[in-house]
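Enquirer: Quick one, structure for this:
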Amino acid sequence: MYQLKSTQFIPASLETCWDYFSSPNNLKEITPKNMGFIIKTDLPGKMYEGMMIEYIVTPLLGIPMNWITEIKAVKEGVFFIDEQRKGPYKIWHHEHHFKAVEGGVEMTDIVSYEVPFGFLGKLVHPMIVRPKLEQIFKYRTKKINEIFPAQ
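Expert: Below you'll find the predicted structure:
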């Protein structure tokens with residue numbers, strides 16, 4: 001099992017951040033274009049526990065894959081958790097935490113994941129999987145800074 005943790009300061013109110021990140025419709029905006037990210041589910045404005053979201057993603061080699069996640073837990077204004085039900089990972093558990101701090105919000109993502117294919121998956125993880133995830137989160141950080149610019 002691997003883990004990736006990312007923390008970002010957002011110069012906005014907790015309510016503004018929560019409204020943005022708790023809407024699954026905004027996920028495409030903070031996902032790199034080269035991921036070929038398409039939401040297949042008709043989405044409501046806000047997520048809720050038990051919500052299933054189906055996407056198409058092209059994480060590697062331009063090969064499209066179905067990815068289904070379930071919103072496992074939501075605590076309004078504090079955190080939400082999504083888990084993969086079908087997709088490229090053996091296990092995917094993504095926690096999104098929000099905390100009001102001086103001048104804005106500290107947002108922390110914690111992704112715990114396991115790659116498929118046993119030994120082969122472990123072999124390619126440091127060369128392909130981990131760098132790709134880090135690239136996605138780097139892009140996301142940049143986009144969030146553009147969406148919520150410093151005042």
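Enquirer: quick one: low-confidence parts of this protein?
Expert: Under the criterion of pLDDT under 70, none of the chain is flagged as low confidence.
Enquirer: Who does the residue nearest the centre of the chain form a beta bridge with?
Expert: For the chain, the residue nearest the mean C-alpha position is residue 94 (6.7 Å; C-alpha atoms, centre = their mean). For residue 94, the beta-bridge partners under DSSP bridges are residue 82, residue 111.
Enquirer: Could you pull out the helices in the chain for me?
Expert: For the chain, the helices defined by DSSP state H cover 14-21, 118-124, 130-147.
Enquirer: Of those, flag the one that's most buried.
Expert: Compared across the helices of the chain, helix 14-21 shows the largest average neighbour count, a mean of 17 (mean count of other C-beta atoms under 10 Å). Backbone N, C-alpha and C define where each C-beta goes, glycine included.
Enquirer: Pull the contacting residues for residue 128.
Expert: Residue 128 makes contacts with residue 60, as judged by C-beta atoms under 8 Å, 6 or more residues apart in numbering.
Enquirer: next one: residue 114
Expert: 1-2, 89-91.
Enquirer: mind redoing it with 10 Å?
Expert: Residue 114 sits next to 1-2, 89-93, 121-122, 125 when contact means C-beta atoms under 10 Å, 6 or more residues apart in numbering.
Enquirer: Residue 24: neighbour count?
Expert: Counted with other C-beta atoms under 10 Å, the neighbours of residue 24 add up to 20.
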